[in-house]
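Student: Predicted structure and sequence below. I'll ask about it afterward.
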Amino acid sequence: RKLLLFSTLLISSSLMWAQITLSTYPGASANNGSAGITFELITTQSITLNEIYSQLSSTGSSTYTLWYKTGGYTYPVNISAAGGWTQVQTGSSASGSERSTPVLFPSNLNLVLQPGTYGIHMTTSNCGYKSWAGSPDSWSDGTVTINTGQNKGIGGSAPSPSFTWRQFCGSIVYDINASAPNDIGVMSIDSPAVFCQGTENVVATIRNYGTNQVDSFTVNWAVNG
């Protein structure tokens, strides 16, 4: 028998606009590089994509062109307006060292993505990526998932990247968009991962996704029925 003590952490509406970072690096660390990277992004919430970081294939900076496509993609791809892709931004990345800490590529994107699946592509002059050799090829924070690797990670430039399979080595930065005045939910169940004998705290994080301030809520929970 166990005594389970339930406690929660409420992330308040004042923090609702805090930026969230989802990284594939260092799990996916560059051992290769070419003229671009393509990966899949899935979101279960309305989000605003703000920034993308990526490793470089050589020391310096990189020019880039960013594209996205609603509904995802299959290989081979046609990264062009005719292929259903939209060009979002062009520019130059921050400077960095070869295959070292990811550097900032696109910023101030303000790209609103509704719940769904999207293709993301950056044609670059200096992009580092990893040759896929098995899992992991998916990273998720519970709201957003990045799929990169088998069937999704493609190296090379638009419109027809062809180096398969390659992994995006970097991170995205996004905000969750408020969907309603009153909208709270379970963001994560934080502990315990393993049950041991004795008293155990059960901890969950509750997030305010809405625009109204929340000062009370009820969490229903059960263990083994």
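Tutor: Nice, I can see it. Computed from a predicted structure; not experimentally measured.
Student: burial measure for F105, as a count.
Tutor: 25 (other C-beta atoms under 10 Å). In this view, the C-beta of every residue, glycine as well, is placed from N, C-alpha and C.
Student: for it, what are its contacts?
Tutor: 51-54, 62, 64, 66, 91, 93-94, 122, 124, 170 (C-beta atoms under 8 Å, 6 or more residues apart in numbering).
Student: do E40 as well
Tutor: Here E40 is in contact with G72, Y73, T117, Y118, G119, I120, I146, N147, T148, K152 (C-beta under 8 Å, 6+ apart).
Student: out of those residues, which is most surrounded?
Tutor: T148 (28 neighbours).
Student: That one and T74, how far apart?
Tutor: From T148 across to T74, the span is 15 Å (C-beta to C-beta, to the nearest Å).
Student: Of the contacts of E40, which belong to helices?
Tutor: Using DSSP state H, the subset of the contacts of E40 located in helices is empty.
Student: Just send those residues back as CSV, with distance to L41 and pLDDT too.
Tutor: Shown next, in CSV, are the contacts of E40 (distance: C-beta to C-beta, whole Å; pLDDT from 0 to 100):
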residue, distance to L41, pLDDT
G72, 9, 92
Y73, 11, 97
T117, 7, 97
Y118, 5, 98
G119, 8, 98
I120, 5, 98
I146, 6, 98
N147, 8, 97
T148, 10, 96
K152, 10, 95
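Student: any idea which of those residues is the one closest to T211?
Tutor: The shortest approach to T211 among those belongs to Y118, at 25.1 Å (C-beta to C-beta).
Student: Which other helices and strands does the top strand by length along the chain contact?
Tutor: For the chain, the strand reaching the highest residue count under DSSP state E is reported as strand 116-131. Packing partners of strand 116-131 (3 or more C-beta pairs under 8 Å, 6 or more residues apart in numbering; DSSP states H and E): strand 32-43, strand 47-54, strand 63-70, strand 166-168.
Student: what lines up beside it in the sheet?
Tutor: Strand 116-131 has the following strand partners under DSSP bridges: strand 32-43 (antiparallel), strand 63-70 (antiparallel), strand 166-168 (antiparallel).
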